[in-house]
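Q: sequence first, predicted coordinates after that:
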Amino acid sequence: MAGMASLDDVNAVLTVVLGKPEEWHTDWKLWSGLFLWFGALSKWLRHGYQGLYWVKAIYTIGYNLTILHLVQQYGTTGLHVSFATLLFQTMLSTYVFWKPRDLMESKSFTASSLYEDIGGSALQVLFLFIGQLSLLLMYCTALFRACDTDTRNYVHWIVAYFAVQMSAFFNRGSSSQLGPVWDGALWQEVLQIAGKANFSCAVYGGKVKTFHVSRGEMIVRGLMGFTVNSIFREALAFTVPVMLMFVSDPFEFVGSCLALNFIVTLDDMEAKEYLVVDAPPALPAETFSDVGKPQEATSKYLCHLRQKVRRYLEVDAPPALPAKTISDVGKSQEVTSKYAAKSWHVGSMVLAKSWHVGTVVPGQLQDGNEPHELV
């Protein structure tokens, strides 16, 4: 009871400092919050994000003070305005953290979210997004209902800033309790090469699987990943102090601190490396009808070459010579032998080219040293 009394005393003092003033324009929290918030944001826009902890701390407390003012003055309407500014802030953060890359040069990327796991089940990703969206809507419902209560524990509001936001959430990199931020630059590269290149990764059992991805599925995955790991993540991170401010019991406060991040980390997974594999060049359309079956296409193309050789030998067969022009049967045999040798030589070269290393690429036949009839 003595501990509860001391917390109540501290909260009474903080209420005088952080409580609602009579006039909105006399609220120091609004002007101080906007100054700190835009000051840190302008530094990032001018110099880029440098990972400085103190700048992130100033940015966070400035935005917390602004949201607290809106909730105190306007209640649920203030929460609606806060969510709108959070959406605007998410777009700015995406711009600040944007780091262009070239997947065709690096030839690989690491997936840390199920939305980035392009070799995984699309149905599982859809169910996951519906689950996370449902949980966030329940969180928002609880937050709006809490605004109608008279509970205002500013001790919890301050502890949430130090123990949750600046200790567990921000400037923690991949170790953040909110999980990593959605990498928009990486996904832009995936969209650009989708349909042009293949991907491979190790699957269950240690086998390596190579597969092709469609651009439509990648767009849907990107939208869901950005919604959860950027918009939802930002909304949860900056409304946590307000949510915990309405919690009256200290034990419930501790439990909420440990559980709230669960919503946006459901999609996190063990890191998986994907390799970018260049797609093989396509053979001419007239040689096959199904580009998804390269072995069948190659066989059809080889048959096409063999038929050309047979037609060549049949068309150019020498006409029968009149009997009167041949006085010596031996000479007739000699002429036929020479023609047969010539025909066998040309046919050998063509067949050797077509069966070389088991694969024929049409471009290899367009060589100036080849017989003119084969071009």
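A: All right, it came through fine.
Q: what ranges do the strands span in the stretch 151-300 of the chain?
A: 197-202, 208-211, 268-278 (DSSP state E, counting those that start in this stretch).
Q: next, the contact list for the residue positioned nearest the centre of the chain, please.
A: Note on the chain: the residue nearest the mean C-alpha position is residue 187, at 3.7 Å, using Cα atoms, centre = their mean. By Cβ atoms under 8 Å, 6 or more residues apart in numbering, the contact list for residue 187 reads 116, 218, 221-222, 225-226. For glycine as for every other residue, the C-beta is placed from the backbone atoms N, C-alpha and C.
Q: now the two most distant members of those residues.
A: Longest distance between any two of those is 12.2 Å, between 218 and 226; criterion Cβ to Cβ.
Q: quick one: low-confidence parts of the protein?
A: For the chain, applying pLDDT under 70 flags the ranges 1-5, 278-375.
Q: how about 80 then?
A: Applying pLDDT under 80 to the chain flags the ranges 1-5, 101, 104, 195, 203-206, 278-375.
Q: okay, now the domains of it?
A: Split into domains by automatic domain parsing, the chain comes to 2-278, 285-374.
Q: for those, which one ends up most surrounded?
A: Comparing the domains of the chain by mean neighbour count (mean count of other Cβ atoms under 10 Å), domain 2-278 ranks first with a mean of 16.
Q: before we move on, back to that, the strands of the stretch 151-300 of the chain: which one's closest to residue 34?
A: Comparing the strands of the stretch 151-300 of the chain by Cβ to Cβ, strand 268-278 comes nearest, at 33.7 Å.
Q: between that closest one and strand 197-202, how big is the angle?
A: Counting by axes from the mean of the first three to the mean of the last three Cα atoms, to 10 degrees, strand 268-278 points 130 degrees away from the direction of strand 197-202.
Q: mind listing the strands strand 268-278 pairs with, and their directions?
A: Using DSSP bridges, strand 268-278 pairs in its sheet with strand 108-113 (antiparallel), strand 197-202 (antiparallel).
Q: closest one to residue 98 among those strands?
A: Taking the strands paired with strand 268-278 one by one with Cβ to Cβ, strand 108-113 is closest: 15.7 Å.
Q: check which helices and strands the helix or strand just after that closest one sits against.
A: Following strand 108-113 in sequence order, the next helix or strand is helix 122-146 (DSSP states H and E). Using 3 or more Cβ pairs under 8 Å, 6 or more residues apart in numbering; DSSP states H and E as the contact test, the elements touching helix 122-146 are helix 76-96, helix 215-226, helix 233-245.
Q: who touches helix 122-146?
A: The contact list for helix 122-146 (Cβ under 8 Å, 6+ apart) reads 76, 79, 114-115, 117, 217, 221, 224, 227-228, 232, 235-236, 239, 242-243, 246, 260, 262-264, 266-267.
Q: and residue 245, how far is that from residue 73?
A: According to Cβ to Cβ, to the nearest Å, residue 245 stands 15 Å off from residue 73.
Q: now do residue 122
A: Taking Cβ to Cβ, one finds residue 122 at 45 Å from residue 73.
Q: for residue 56, same thing?
A: Taken as Cβ to Cβ, the spacing of residue 56 relative to residue 73 amounts to 26 Å.
Q: next: residue 24.
A: For residue 24, the distance to residue 73 - Cβ to Cβ - is 5 Å.
Q: ok, residue 241 next?
A: Using Cβ to Cβ, we find residue 241 at a distance of 16 Å from residue 73.
Q: same question, residue 109
A: In terms of Cβ to Cβ, residue 109 sits 46 Å off from residue 73.
Q: ok, now residue 81?
A: Residue 81 is 10 Å from residue 73, by Cβ to Cβ.
Q: again with residue 256
A: In terms of Cβ to Cβ, residue 256 sits 25 Å off from residue 73.
Q: check contacts around the closest residue to residue 198 other than its chain neighbours.
A: In this structure, residue 198 finds its nearest non-sequential neighbour in residue 277, 4.3 Å apart by Cβ to Cβ, 6 or more residues apart in numbering. Applying Cβ under 8 Å, 6+ apart, we find residue 277 in contact with 197-200, 210.
Q: got those as CSV, with distance to residue 146 columns?
A: Formatted as CSV, these follow (distance: Cβ to Cβ, whole Å):
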residue, distance to residue 146
197, 49
198, 50
199, 45
200, 49
210, 51
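Q: hang on, the earlier thing: reformat the strands of the stretch 151-300 of the chain as a markdown table; add distance to residue 42.
A: Conversion of those to a markdown table gives the following (distance: least, Cβ to Cβ, whole Å):
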| stretch | distance to residue 42 |
| --- | --- |
| strand 197-202 | 40 |
| strand 208-211 | 45 |
| strand 268-278 | 32 |
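Q: between those, which one is nearest to residue 152?
A: Taking the strands of the stretch 151-300 of the chain one by one with Cβ to Cβ, strand 268-278 is closest: 33.7 Å.
Q: tell me how far the closest one is from the chain's mean position?
A: Its chain's C-alpha centre and that of strand 268-278 lie 10 Å apart, by Cα atoms, centre = their mean, to the nearest Å.
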